[in-house]
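Okay, here's the prediction I keep looking at, along with the sequence it came from:
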Amino acid sequence: MADGIANGPQARRPGGRSARVRERILGATAELVARDGIAGFRYDEVAELAGVHRTSVYRNWPDREELVAEALIQYAEDLATIADTGNLRHDLVDYLVAIAGGLGTPFGRALELALQPTHENPAVRETVARILEQRGAATRRRVDLAVSRGELPPVDSVFLGEMLSGPVHLVVNRGLRPFTRVDAERIVDVVLAGIRAAPPAPPPPA
């Protein structure tokens, strides 16, 4: 992510009225991007939805794409992370339920839109890549713990994460029915059974 977003005037500031205004602006941005796409939302609409004067938006984010990037990073804190309760099945089921819940939020929809390959802005692409890497790292840590405890055989954590989360995206994005905890349990049971039954992967070539 560009230094201007991480360290410059766009960085989050704790406390006070200014922080509350920024929170409203970032929330409104995520909601409008989810509704209209990144190319479709306008500064004036952000200000109106956030209940602030439009100069507050222009002053803090003179570049519209930087506003989008920071909104995505801000709301990335709501992404599902995998807990470690000592029960792998329970933790993975909770993880999938949380992913489904997140996909239904303005941030989740905004992130899905930003993932589209037609998006051309480098700052937004880099932001999305960082968010996905954070989620992937959380998955890897939990899977590595499961392997070290003997709950799973050695497994490609990226592959495992894709097998778990792919059906969640499919059900939620189709919008034909709500994603339930029973769905999550079925997905986790099938994927874990397949991982445990698969023959061990061959060692890498010397």
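Nice, thanks for sending it over.

can we go C-alpha only for contacts and neighbour counts from here?
Fine.

following the lengthiest helix in the chain, which helix or strand shows up next?
For the chain, the longest helix by residue count, based on DSSP state H, is helix 122-148. Sequence-wise, the next helix or strand downstream of helix 122-148 (DSSP states H and E) is helix 157-174.

quick one: that next one to helix 122-148, angle?
Angle of helix 157-174 versus helix 122-148, following axes from the mean of the first three to the mean of the last three Cα atoms, to 10 degrees, is 120 degrees.

Which parts of the protein belong to which domain?
3-75, 77-197 (automatic domain parsing).

so where does the closest residue to Trp61 other than its chain neighbours fall, helix or strand?
With sequence-adjacent residues excluded and distances taken as Cα to Cα, 6 or more residues apart in numbering, Trp61 is closest to Leu67, at 5.7 Å. Following DSSP H and E, one finds Leu67 within helix 64-75.

could I have that helix exported to PDB, CA atoms only?
Only the C-alpha atoms of helix 64-75 are listed here, as PDB (Å, rounded to 0.1, in the frame of the first residue of the first chain):
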ATOM      1  CA  ARG A  64     -10.600   9.100  -4.500                       C
ATOM      2  CA  GLU A  65      -8.800   5.800  -5.000                       C
ATOM      3  CA  GLU A  66      -6.800   6.400  -1.800                       C
ATOM      4  CA  LEU A  67     -10.200   6.800   0.000                       C
ATOM      5  CA  VAL A  68     -11.300   3.400  -1.400                       C
ATOM      6  CA  ALA A  69      -8.100   1.800  -0.400                       C
ATOM      7  CA  GLU A  70      -8.200   3.000   3.200                       C
ATOM      8  CA  ALA A  71     -11.900   2.000   3.500                       C
ATOM      9  CA  LEU A  72     -11.000  -1.500   2.500                       C
ATOM     10  CA  ILE A  73      -8.100  -1.700   4.900                       C
ATOM     11  CA  GLN A  74     -10.200  -0.200   7.700                       C
ATOM     12  CA  TYR A  75     -12.900  -2.800   7.300                       C
END
